[in-house]
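Colleague: Predicted coordinates and the sequence they were generated for:
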Amino acid sequence: MTDITIRAFAKFREMFGAETALSAADGATVLDSLLQFAETVPAAKEELFDGENLKEHVVLMYNRERIDAEDAAEITVEEGDEIVLYPPVSGG
């Protein structure tokens, strides 16, 4: 198992909590980890996913670097990694 941290900000923090420790399977991707997270936090499934795919509007950071939703299936998580979730950003 690989221990990682999932953090949430703004509206997502209110919905999911500020920080969740997650034990992901060895070889799991960012997407796999978020799907696992969504199974334990029901509000996350509706807010983050459209079926098995991440919604385009979700802003993801992986170890302090922004990644696109489509990259989440390609990046394997490692011990101590951090995934940060932000809701869509808007304003003017």
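Modeller: Arrived safely, thanks for sending. Numbers count the residues shown, from 1 in each chain.
Colleague: Once you drop chain neighbours, what's closest to the residue nearest the centre of the chain?
Modeller: Nearest to the mean C-alpha position of the chain, by CA atoms, centre = their mean, lies residue 34 at 4.5 Å. Counting by CB to CB, 6 or more residues apart in numbering, residue 48 is the residue found nearest to residue 34 once chain neighbours are left out, at 6.3 Å. All C-beta spots, glycine's among them, are computed from the backbone N, C-alpha and C.
Colleague: Could you report the neighbour count for that neighbour?
Modeller: Residues lying near residue 48 (other CB atoms under 10 Å) number 25.
Colleague: and it, what is it in contact with?
Modeller: Residue 48 makes contact with 34, 38, 54-55, 58, 85, according to CB atoms under 8 Å, 6 or more residues apart in numbering.
Colleague: Please, where are all the helices along this structure?
Modeller: 11-16, 30-40, 42-48 (DSSP state H).
Colleague: got those as JSON lines, with mean pLDDT and distance to residue 65 columns?
Modeller: Shown next, in JSON lines, are those (pLDDT from 0 to 100; distance: least, CB to CB, whole Å):
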{"stretch": "helix 11-16", "mean pLDDT": "95", "distance to residue 65": "18"}
{"stretch": "helix 30-40", "mean pLDDT": "96", "distance to residue 65": "11"}
{"stretch": "helix 42-48", "mean pLDDT": "92", "distance to residue 65": "19"}
